[in-house]
Structures are given as C-alpha cells and as structure tokens.
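Chemist: sequence first, then the predicted structure, then my questions.
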2 protein chains.
Amino acid sequence: MPHIELESHLPGITGLLEYRKDTGQPIRDLTQVIMRGPSTLTEAERELIATVVSHGNQCRFCTAAHAATVDLLLGEDETCKKVKEDIATAPVSEKMKALLTIAALTGKSGRLVTTEIIEKAKAEGATDLEIHDTVLIAALFSLYNRYVDGMATAMPDNDSYFVMLADRLVNHGYSRLPQGYDHLKK
Amino acid sequence: MPHIELESHLPGITGLLEYRKDTGQPIRDLTQVIMRGPSTLTEAERELIATVVSHGNQCRFCTAAHAATVDLLLGEDETCKKVKEDIATAPVSEKMKALLTIAALTGKSGRLVTTEIIEKAKAEGATDLEIHDTVLIAALFSLYNRYVDGMATAMPDNDSYFVMLADRLVNHGYSRLPQGYDHLKK
C-alpha cells in the first residue's frame, strides 16, 4: 500500500505524476525531450538504458515498464532480457555495451564512472552528447526509481498492464494525455 | 576534468544545465517548484533535505552548494553541520528528524523507506504532501548527484564560490538567470 493516498487505479509512477501535477509536468517534459527528442541514440537504445538503471536499482515497476517498451520497439524480447542478465555478453554493439555500463554505474553512484569506461565508449564511437545523454537518462531513472519505491506505490494487478503502458509510451510518449484518453492511462 | 567538454568557468551542475538547455530547463522548472514553490516546509528545511541527500551520495559540489544555502537562509552554520553529522541528535524538530531520515533512506534506495519511519513522521505531524515532497526532493537530488559526478564536473577553485551560489539560490531561485546577470552565474 502506498505511504500516502494515491488514486488506486494508477499504479507506480502514474499516480505520483497525477498527485502533484505541477511537479509531474516538468518530470514529463524532461523525460519526453531526453527519451523521445532528436538523438543519435534510437528510442529502443534509450529505453534499454532506462531498463538497465531501473533493474540495477531493483525498481520492479520501472523495470517492467521500460523492458516492455524496449520489447515493443524491437519487436522481440531477447535483447532486453539478455542485457538485464549481462551487458558484456548481450547482443548489442560495443558502443552500446560501454554506454549501458556507464548507465549502470551512474545508477549506483556517479562517482563510479571512470575515465576508462568513458574512453572505451569514445573509442567505440560514442559522441560527447551520447555520453551526456546516457548519464542524464541514468540520473533521471534514478529519480524515478526512488520516487516510485520511496512512496511504496502499487504494482498493477497483472502483467498485461505493462503491454498497455508500453504501447502508450511508444505511440504517445511521455507527455500528459489529453482528456478523452483516460483509457490509456492505466 | 569533466568527461565531456563543458564551459570551464561553470563548475558542477551549472555547466551541465548550459550544455543542453532543452534538458536543463525542465530540471530548473522542477527544482524551482519543489524547492521554492508554496509549501508548509520552509525553504531552509527543503535545502536541508537536499543537503542530507547530497551528503549521503558523497556529492561534494551539491553538498557544499546546498549547505551554504541552508546557512544563508538560517543565518548560522551550526544546524546544517550537525544534521550532516547525525540527524538523530541535530537541533531540528522531531518531524524534521523523521523527514530527513526518510530523505536519507530515499537517497540510498526508495526500497529502504519503511512504513515505520513514515508512521513516525505522520505521528510527529508531517502531512502526506510533506512526505511526498520530501521523497521527491530526495529523488531529485539523487538525479543531480549522479549527473554532477557521473560527468566528473569540476569543483570551483575556492570555497567563496559557494557563498556566491547560495546568495543566488536564496535571492533568485533555480530559474535560469536573464541576460545581464552573468556575473551571478559563477
């Protein structure tokens, strides 16, 4: 049960973003621009970063939500599963392995990100902006993970929720849905 | 040296918020509303929460910046120092001790926030909104700490920087300064 009263039909982060809309809005804005704005990282790559960080922080809601989003974007469910198991042996590029490692370290503590792993990412072709965005996505999902679990928000009743949420995040992004789209909120 | 090229006269978070202004803006907006918007928590209490979280995450830049801000708001430098040393014996109310403990736990992991410490905060008079805001501030500064240290941003050359930064945060808040205020940026 959540530590404070939240709308019971809105599990995880969704109830928190509605609880205080004035703080929810800039969180949505930041997420939309970094996760869906122009980037040389694909949406699936950015969602993989979010998944790795949430998985490292053991946030069940965020991990399930963003893993489902990666799966929907890629049209298969092997890559994300293998990245969660072991970045080093997962079927992604060497550049993505370095960026995912930077993300996983940032999720634990920014102080763990070494010059060596940054140089490795650059050697594999990562740009400064891609490194910046990787760290910011990891920092942002460290916020989400702590917000969702620090408030003890509810998990949805069944896993089909995350298929629906992934569909929303792929087709509508992170902005607040206009009225009339309430059926997509849960 | 930062992991990517940032403006060298802008240490810590300040160079990152200028590096990508489109992500910097919603971060500023969120911080302004949660740290300076209407609240039953004073600005000093909210800055204490930010300090405790940054201190727990060992982020030197953020800890120094927000500790200096608390000191300026309170007009003394004992309270913040003692809170950093030991929340339990610090000269703050029992309600603030509970909220600061919730913040410190959230900074480590949201999963550490127990029903017991939430009930303690409520018994000492904390409202649902104050508990929400405490967790969100702790989550937000967990973002800042990871962003600042994950990019290996520079510390300023001398401690007087933080006195100037605190003056800016007290008198101008977290919004982007208009042109002509550049002397306050560093």
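Modeler: Looks like it arrived, so ask away.

Chemist: drop to CA atoms for contacts and neighbour counts, all remaining ones
Modeler: Noted.

Chemist: for the top helix by length along chain A, packing partners?
Modeler: Scanning chain A for the longest helix, with DSSP state H as the assignment, gives helix A:128-150. Identification of packing neighbours for helix A:128-150 by 3 or more Cα pairs under 8 Å, 6 or more residues apart in numbering or on different chains; DSSP states H and E yields helix A:12-19, helix A:21-36, helix A:43-56, helix A:60-74, helix A:94-108, helix A:115-123, helix B:94-108, helix B:128-150.

Chemist: can you tell me if the first one touches chain B.
Modeler: No - with Cα under 8 Å from any Cα of the partner chain as the criterion, chain B is not reached by helix A:12-19; the gap is at least 8.8 Å.

Chemist: quick one, that helix and helix A:60-74 angle?
Modeler: Put simply, helix A:12-19 runs at 110 degrees to helix A:60-74, going by axes from the mean of the first three to the mean of the last three Cα atoms, to 10 degrees.

Chemist: again, but for the fifth one
Modeler: Orientation of helix A:94-108 against helix A:60-74 (the same axes, to 10 degrees) gives an angle of 160 degrees.

Chemist: looking at the helices and strands packed on helix A:128-150, which is closest to A:L143?
Modeler: With respect to A:L143, and counting by Cα to Cα, the nearest of those is helix B:128-150 at 4.4 Å.

Chemist: ok, back up a step: which SSE is immediately downstream of the longest helix of chain A?
Modeler: Per DSSP states H and E, the first helix or strand lying C-terminal to helix A:128-150 is helix A:160-171.

Chemist: returning to that earlier point: pull out the buried residues from the longest helix of chain A.
Modeler: Within helix A:128-150, the residues that count as buried by 16 or more other Cα atoms under 10 Å in any protein chain shown are A:129-150.

Chemist: quick one, grab the pLDDT at A:N158.
Modeler: Note on A:N158: pLDDT of 87.

Chemist: circling back to that earlier point, got JSON lines for the helices and strands packed on helix A:128-150, with mean pLDDT too?
Modeler: Output for the helices and strands packed on helix A:128-150, formatted as JSON lines (pLDDT from 0 to 100):
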{"stretch": "helix A:12-19", "mean pLDDT": "96"}
{"stretch": "helix A:21-36", "mean pLDDT": "98"}
{"stretch": "helix A:43-56", "mean pLDDT": "98"}
{"stretch": "helix A:60-74", "mean pLDDT": "98"}
{"stretch": "helix A:94-108", "mean pLDDT": "98"}
{"stretch": "helix A:115-123", "mean pLDDT": "98"}
{"stretch": "helix B:94-108", "mean pLDDT": "98"}
{"stretch": "helix B:128-150", "mean pLDDT": "98"}
